[in-house]
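Engineer: Okay, here's the prediction I keep looking at, along with the sequence it came from:
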Amino acid sequence: MGSPTTPPIPGLAPVESLRWSIPGLREDPTMCLRCRAAQMLCGKPVCPILIKYDAYAKTLPMVGSREVSGSSPPGLFVGRYGWPKVSLGPLVTPLHGDTLLMDTPEEWVGRSVPEVVGFRTMLVRGTRRFHVEDAEKPDRLIEDVQTLALARESVETDATFRRAPRGHLTLSEDAPPYGPTAPIEQVRLDVRRVDHHVERLARDTDATTRIAVNELYGSGVRVSRIQRAFSAGTLGRHGRRRFVPTRWSITAVDDLLGLENLKRVRDLPELSEYWVYQYTALDNRWLIVYLPGVFRYESIEAWYPNTLWNPMTETVVMMGDHEGYRGRTTYASIGGCYYAARLAVSENLLTHQRQGGALVLREVHPGEILPLGVWNVREHVRAALQQRPERFGDLKDVIARVERTFTIPRDRWLVQSALLHEARTQKRLEEFLEAPAPPPLVAPATG
């Protein structure tokens with residue numbers, strides 16, 4: 001099981017006052033959930049929900065000097081504002097030694113929100129603006145950042161900034177948080193070991209980005225490391241390499257890898273029963289249901305009142321997206337979480353050498369106090385699928401399991417879920433074949 005419910009962090013402001021201060025929220029309670037500070041649907045220049053966490057951001061440890069000496073996990077960040085000109089720079093800590101954990105989401109399962117935020121706020125981000133096409137015209141700083149993307153272990157780093165970094169917690173639904181920021185003048189690295197798989201693909205200027213990403217994944221390179229190399233513009237054909245904003249690169253890699261996995265999944269034997277996995281972590285309840293038949297996929301999130309993206313005080317907000325056997329052609333409304341969970345599901349189906357329907361249900365309770373990034377979804381769905389599944393032969397038993405797991409009534413889930421509706425209303429061919437034969441006709445008696 002996952003970690004217990006996380007208590008609120010002291011200093012965080014409540015969100016009740018936001019209810020009527022966000023334009024349009026009263027008419028559309030799903031607006032914040034669809035936006036998640038990415039699209040600014042309310043028309044405000046900054047997200048009013050995230051502003052509420054400024055009090056906490058001001059309690060971050062300040063870096064009082066223009067120079068920071070320590071270890072980079074290794075890590076880097078590429079911003080998205082102003083694209084195609086973006087802010088690029090390394091993530092540096094004032095700590096020396098092994099800091100790899102600070103930028104390795106695969107190792108964060110079982111840790112609390114304060115733990116994750118605690119070591120992420122130690123990451124100081126240096127920034128300088130570049131055009132995305134400068135990935136192939138590197139100056140010294142770009143070379144250093146791209147070298148960080150190849151590193152296998154923590155890198156001793158000396159960074160000089162134009163001013164002392166300011167304490168500010170940067171939050172995103174897609175990328176993990178990081179701490180103080182300042183314009184960077186120069187950085188000196190001591191890279192002792194590189195990941196030879198990443199280095200080889202960085203040197204291969206004939207391989208497309210898709211090929212490079214899948215080769216790295218097939219070689220056992222962690223998804224977070226692939227995302228870092230992708231974002232730094234070190235993958236792809238010559239003339240086509242670009243810096244990719246971190247939050248975009250995370251979802252792009254999840255999507256690419258998931259699609260490649262699903263090409264193989266669709267050739268596998270079909271499940272003939274229902275499998276159910278349950279998991280709880282960070283005040284999120286997860287239920288992953290595999291259904292008999294061919295591959296199809298759905299992800300649904302239910303946000304309780306006073307959770308991060310549901311500032312309403314009375315109403316549970318539910319949203320979801322789904323795709324059939326042939327996939328989807330439009331971007332999912334719930335964003336990167338959809339693709340992160342789909343990647344985890346595709347990996348597990350390949351492990352079991354089976355295909356089937358996959359339904360990911362997530363009930364978010366008020367302990368979800370900060371956005372931590374879509375790693376929260378990918379890694380916790382992965383963790384859930386490491387458990388031994390409960391197996392059922394009847395959909396009624398699965399629906400009863402949904403009712404026992406969640407606080408939200410089962411009828412809300414049944415109304416929201418396209419896959420459950422399909423399973424309840426459409427019979428499979430096997431069900432007709434397994435039906436008992438009708439009794440033989442008796443010939444009428446003759447006189």
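Structural biologist: Arrived safely, thanks for sending. These figures come from a predicted structure and were not determined experimentally. Numbering: from 1, shown residues only.
Engineer: domains of this structure?
Structural biologist: 53-193, 197-265, 274-426 (automatic domain parsing).
Engineer: got the end-to-end distance for the last one?
Structural biologist: By CA to CA, to the nearest Å, the extent of domain 274-426 from end to end equals 16 Å.
Engineer: Quick one: mean pLDDT for it?
Structural biologist: In this model, domain 274-426 has a mean pLDDT of 92.
Engineer: can you tell me which of the domains of the chain comes nearest to residue 35?
Structural biologist: Closest to residue 35 of the domains of the chain is domain 274-426 (CB to CB; 8.0 Å). The way it works is simple: take the backbone N, C-alpha and C, and place the C-beta from them, glycine included.
Engineer: what ranges do the strands span in the stretch 251-400 of the chain?
Structural biologist: Applying DSSP state E, counting those that start in this stretch to the stretch 251-400 of the chain gives strands spanning 274-281, 284-291, 296-303, 317-323, 357-364, 390-392.
Engineer: Quick one: work out the angle between the fourth one and strand 296-303.
Structural biologist: Between strand 317-323 and strand 296-303, the angle comes out at 170 degrees (axes from the mean of the first three to the mean of the last three CA atoms, to 10 degrees).
Engineer: now strand 317-323, how far from the chain's geometric center?
Structural biologist: What separates the centre of strand 317-323 from the centre of its chain is 15 Å, taken as CA atoms, centre = their mean, to the nearest Å.
Engineer: now stretch 258-275
Structural biologist: So, by CA atoms, centre = their mean, the centroid of stretch 258-275 is 21 Å from its chain's centroid.
Engineer: Other residues contacting that stretch?
Structural biologist: With CB atoms under 8 Å, 6 or more residues apart in numbering as the test, stretch 258-275 has contacts from 214, 217, 289-295, 325, 327, 339, 342-343, 346-347, 349-350, 353-356, 389-395, 397-398, 430.
Engineer: how long is that stretch from one end to the other?
Structural biologist: 20 Å.
Engineer: Which positions within it qualify as buried?
Structural biologist: 258, 259, 260, 261, 262, 265, 268, 271, 274, 275 (16 or more other CB atoms under 10 Å).
Engineer: Also stretch 77-94?
Structural biologist: Residues 77, 78, 79, 80, 86, 87, 88, 89, 90, 91, 92, 93 are the ones in stretch 77-94 that count as buried (16+ other CB under 10 Å).
Engineer: all helices for the stretch 51-200 of the chain, in order.
Structural biologist: Along the stretch 51-200 of the chain, counting by DSSP state H, counting those that start in this stretch, helices occupy 54-57, 113-120, 140-150, 196-203.
Engineer: Save these as JSON lines, and put in mean neighbour count and mean pLDDT too.
Structural biologist: Compiled in JSON lines, these are given as follows (neighbours: other CB atoms under 10 Å; pLDDT from 0 to 100):
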{"stretch": "helix 54-57", "mean neighbour count": "16", "mean pLDDT": "45"}
{"stretch": "helix 113-120", "mean neighbour count": "18", "mean pLDDT": "81"}
{"stretch": "helix 140-150", "mean neighbour count": "21", "mean pLDDT": "94"}
{"stretch": "helix 196-203", "mean neighbour count": "18", "mean pLDDT": "97"}
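Engineer: Please convert those to JSON lines, extending it with distance to residue 105.
Structural biologist: Below are those laid out as JSON lines (distance: least, CB to CB, whole Å):
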{"stretch": "helix 54-57", "distance to residue 105": "21"}
{"stretch": "helix 113-120", "distance to residue 105": "9"}
{"stretch": "helix 140-150", "distance to residue 105": "16"}
{"stretch": "helix 196-203", "distance to residue 105": "17"}
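Engineer: Distance of residue 240 relative to residue 210?
Structural biologist: As defined by CB to CB, to the nearest Å, residue 240 lies at a distance of 11 Å from residue 210.
Engineer: and residue 375, which of the strands of the stretch 251-400 of the chain is closest to it?
Structural biologist: strand 274-281 (11.9 Å).
Engineer: Can you tell me the centre-most residue of the chain?
Structural biologist: residue 374 (2.0 Å; CA atoms, centre = their mean).
Engineer: I figured that residue was touching residue 340, is that so?
Structural biologist: Yes: assessed by CB atoms under 8 Å, residue 374 is found in contact with residue 340 at 4.3 Å.
Engineer: Name whatever forms a beta bridge with residue 323.
Structural biologist: When bridges are called by DSSP bridges, residue 323 pairs up with residue 297.
Engineer: need the contact list for residue 323.
Structural biologist: Contacts of residue 323 (CB under 8 Å, 6+ apart): 296, 297, 298.
Engineer: Count residues in the vicinity of residue 193, would you?
Structural biologist: By other CB atoms under 10 Å, the residues close to residue 193 number 11.
Engineer: just checking, it touches residue 150?
Structural biologist: No: Residue 193 is beyond contact range of residue 150, at 9.6 Å (criterion: CB under 8 Å).
Engineer: What's the end-to-end length of stretch 289-296?
Structural biologist: With CA to CA, one end of stretch 289-296 sits 12 Å from the other.
Engineer: in the stretch 51-200 of the chain, what spans have low per-residue confidence?
Structural biologist: Where the stretch 51-200 of the chain drops to pLDDT under 70, the residues are 51-64, 167-173.
Engineer: can you pull out the strands in it?
Structural biologist: Counting by DSSP E, counting those that start in this stretch, the stretch 51-200 of the chain has these strands, from start to end: 67-72, 76-78, 85-92, 124-131, 155-161, 181-190.
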